[in-house]
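[1] Whatever this is, show me its structure:
(chains A and B)
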Amino acid sequence: MKILTAKNRQLLLGPLNKNNAILVQILGICSALAVTAKMEPALVMGLSVTAVTALASLILSSLRDAIPTRVRIIVQLVVVSALVIIIDQLLKAFAYDVSKQLSVFVGLIITNCIIMGRVEAFALANKPWPSLLDGAGNGIGYAIVLLVIAFFRELLGSGTLFGARVIPRALYNWGYADNGLMILPPMALILAGVIIWIHRARNKELIEQ
Amino acid sequence: MKFLRSFLDKHKPAFEKGGKYSALHSLFAGVTFLYVPDRVTRSGCAIRDAVDLKRMMSVVVLALVPALLFGMYNVGYQHFLATGGEPGFWSLFLHGFWRVLPMIVVSYVVGLGIEFTAAQLRGHEINEGFLVSGLLIPMVMPVTAPLWMVGLSTAFAVIIGKEIFGGTGMNIWNPALLARAFFFFSYPSRVSGDKVWVDGLADGVSRATPLAEAYQGTPFTHDLGTMFWGLIPGSIGETSAFCILLGAVLLLVTGVASWKIMLAVFIGGAGTALLLQHALPDANPYSHVTVARHLLAGGFAFGAVFMATDPVTAAQTAAGKWIYGLLVGIVAIVIRVLNPGYPEGMMLAILLMNTFAPLIDWCVVQRNVARRLKRGKIPA
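    As a prediction, this is how the structure comes out:
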């Protein structure tokens, strides 16, 4: 048996580009604005969301025949919140500094539209393996956009990447200055808009009439 | 002048589709910049006026000239006042001229470059939308603003504020103010405080604007007369209420700017200043500032005359203009007095009301529609 059929590969890779949750479906924007001032929290957030979407999709897909339709939302919430709490505790145990930076946003992963969206729209109607791929793909697609936004915000706003200085000190002596607007949330929205702009310019079929 | 017209007419086909220079079609708007265009309406009925967009823009540029020239003189005046030395009028003016000119050049080169590229990509003609913005941008900046920051702010304002909405006439916010807002939030230390308004200050010497003094509660250095004539530190174009008044007269006589908006801004600002002065006399040092000082200080007069009246971003309906103008004045003074963060509120007030202008117009129109429908109902 082939592990990745063409259809399954599409489930994993589609959300990275033409079916991206942030760029095309405009989901998960809130946390994208909140945690992208620096690369490190953006990376941790991206990984956490990927883990939660993938595992939630896998678990709920396995349970899908046992869940009565009427109470499915509450079951989904229980599974997702259990995963989020585990992630939160793991971060507190092993990455305390990042956990403090992300503060309330780790807990708020549960409200991330992407997770509930994938579970509702895909996992409850498909087998566990495709569901896992679909969840992982959407999580990675989210993480990539977060990292791109965080790259520009940290580079231009603080002159660093992952906390390490990238723009040399000498440049500051010549009159260069960090852009304060990059650190403020509005710039994340503008950057997300610019990325969507470029993405649609390259994928004409996504442009709405 | 006739030969110029015939020269342009002769070469026009070369710039049209299929012509020799058709790749440069967007440049040919130069003709209509000098003359009335030869395109006429062929069908339907249309009311045409000799005063089109280009003529309006030229009038605004003319109206800005007194404030600009005075701004150049004031840059030199403040510089030599702070550093000593008593040169004559012309050396003062020339010092300022050479400080301000590069900022104007940068603003125009960057802005027109982007507009030209956008026009080429879209197959439009370049238009004169940037002529006024390009002059306004340096005039609302401190003279010490580094040129690359001026260029970057201009690029942001033109791309994000204007081109992505569809170019001239489609923008929601005043491009010049957007450039200043970008500058203000990106590099706050270069556009606030008491070191940036005068160039060539020695270390440890500071020159506060009247607003900064009001904000900190220190005694005022300048009396109202000096503030009216404009020999005070501040952004390049904003200091002289007198020169702004000259510009305002030109704008109002030619009917380019709306007197309703201008008057409403001043009424709103004066009323709020008066109210806050009496209602909250001890809230902070700012609440002791008198009405006249409020209206003369900072960018209030400049914003009211040149920015709030921008026909693209202001409200369009007659009642809407009054509401819009009043709210600009009110919000500006409220931000000044009650906000602990910024000593000046005019920029934020105008940008905020730009955002709401379409909503104000919508409400005015809907109200009118409802009223007329009611009148039109036949009693049963």
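[2] Briefly note if stretch A:170-186 comes near chain B.
    Yes - applying C-beta under 8 Å from any C-beta of the partner chain, one finds stretch A:170-186 touching chain B at A:G175, A:A177, A:N179, A:G180, A:L181, A:M182, A:L184. The way it works is simple: take the backbone N, C-alpha and C, and place the C-beta from them, glycine included.
[3] so what pLDDT did residue 119 get?
    Since you didn't name a chain, this refers to chain A. Looking at A:V119, its pLDDT is 88.
[4] Please refer instead to chain B.
    B:A119 is assigned 83 on the pLDDT scale.
[5] what's the spacing between it and chain A?
    17 Å (C-beta to the nearest C-beta, to the nearest Å).
[6] burial count for whatever residue of chain A ends up closest to chain B?
    In chain A, the residue that lies nearest chain B is A:L181 (4.1 Å; C-beta to the nearest C-beta). By the criterion of other C-beta atoms under 10 Å in any protein chain shown, A:L181 has 21 neighbours.
[7] Output the helix or strand hosting it in CSV, but only the C-alpha positions, please.
    Element membership for A:L181 (DSSP states H and E) is helix A:180-183. Provided in CSV are the C-alpha atoms of helix A:180-183 (Å, rounded to 0.1, in the frame of the first residue of the first chain):
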residue,chain,number,x,y,z
GLY,A,180,8.4,50.9,15.2
LEU,A,181,5.3,50.3,13.2
MET,A,182,6.4,46.8,12.4
ILE,A,183,6.1,45.9,16.1
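[8] any idea how far it is from the chain center?
    In terms of C-alpha atoms, centre = their mean, to the nearest Å, the centre of helix A:180-183 is found 21 Å from the chain centre.
[9] List the neighbours of it that are in contact with it.
    A:A37, A:F152, A:R153, A:L156, A:G157, A:S158, A:M187, B:F182, B:F185, B:S186, B:Y187, B:P188 (C-beta atoms under 8 Å, 6 or more residues apart in numbering or on different chains).
[10] Give me the longest helix you can find in chain A.
    Ordering each helix of chain A by length in residues (DSSP state H) puts helix A:128-158 first.
[11] So for that helix, mean pLDDT?
    Rounded mean pLDDT across helix A:128-158 is 91.
[12] Give the next helix or strand downstream of it.
    Sequence order places strand A:160-161 as the next helix or strand after helix A:128-158, per DSSP H and E.
[13] Name every strand pairing with that next one and say which way it goes.
    Applying DSSP bridges, strand A:160-161 is found paired with strand A:164-165 (antiparallel).
[14] Give the rounded mean pLDDT of the strand it pairs with.
    Rounded mean pLDDT across strand A:164-165 is 87.
[15] show me what contacts the one residue sitting closest to the centre of chain A?
    Closest residue to the average C-alpha location of chain A: A:Y142 at 3.1 Å, with C-alpha atoms, centre = their mean. Residues in contact with A:Y142 (C-beta under 8 Å, 6+ apart) are A:N20, A:A21, A:I22, A:G28, A:A32, A:G46, A:V49, A:T50, A:T53, A:I114.
[16] Pull the most distant pair out of the contacts of helix A:180-183.
    Across those, the longest distance by C-beta to C-beta is 19.8 Å; it joins A:F152 and B:P188.
[17] In terms of neighbours, single out the busier of those two.
    Higher neighbour count among A:F152 and B:P188: A:F152, with 17 against 14, using other C-beta under 10 Å.
[18] In this structure that one contacts A:I190, no?
    No - assessed by C-beta atoms under 8 Å, A:F152 is found out of contact with A:I190, at 10.3 Å.
[19] helix or strand right after the helix holding A:L181?
    helix A:185-202.
[20] other SSEs contacting that following helix?
    The helices and strands touching helix A:185-202, judged by 3 or more C-beta pairs under 8 Å, 6 or more residues apart in numbering or on different chains; DSSP states H and E, are helix A:29-34, helix A:128-158.
[21] Now do the longest one and helix A:185-202, the angle between them.
    Read that as helix A:128-158. 120 degrees (axes from the mean of the first three to the mean of the last three C-alpha atoms, to 10 degrees).
[22] how about helix A:128-158: buried residues?
    Buried positions in helix A:128-158, judged by neighbour count with 16 or more other C-beta atoms under 10 Å in any protein chain shown: A:128, A:130-146, A:148-158.
[23] Check the offset of that helix from the chain's centre.
    Distance of helix A:128-158 from its chain centroid, counting by C-alpha atoms, centre = their mean, is 4 Å.
[24] same thing with the shortest one?
    Centroid separation between helix A:29-34 and its chain, computed with C-alpha atoms, centre = their mean, is 9 Å.
[25] and that helix, which residues are buried?
    The neighbour-count check on helix A:29-34 (16+ other C-beta under 10 Å) flags A:I29, A:S31, A:A32, A:L33, A:A34 as buried.
[26] Let me know whether my guess that A:V80 is in a strand holds.
    No - assignment of A:V80 by DSSP: H, G, I helix; E, B strand; the rest coil gives helix, placing it outside any strand.
[27] one step back: got a markdown table for the contacts of helix A:180-183, with distance to A:A164 too?
    A markdown table is the format used below for the contacts of helix A:180-183 (distance: C-beta to C-beta, whole Å):
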| residue | distance to A:A164 |
| --- | --- |
| A:A37 | 16 |
| A:F152 | 16 |
| A:R153 | 15 |
| A:L156 | 15 |
| A:G157 | 15 |
| A:S158 | 11 |
| A:M187 | 21 |
| B:F182 | 27 |
| B:F185 | 26 |
| B:S186 | 23 |
| B:Y187 | 23 |
| B:P188 | 25 |
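[28] Please identify which of those is nearest to B:I244.
    Comparing the contacts of helix A:180-183 against B:I244 with C-beta to C-beta places B:F182 closest, at 23.6 Å.
[29] Helix or strand: which one has that closest one?
    helix B:175-186.
[30] how about that helix against chain A, any contact?
    Yes - using C-beta under 8 Å from any C-beta, helix B:175-186 reaches chain A at B:F182, B:F185, B:S186.
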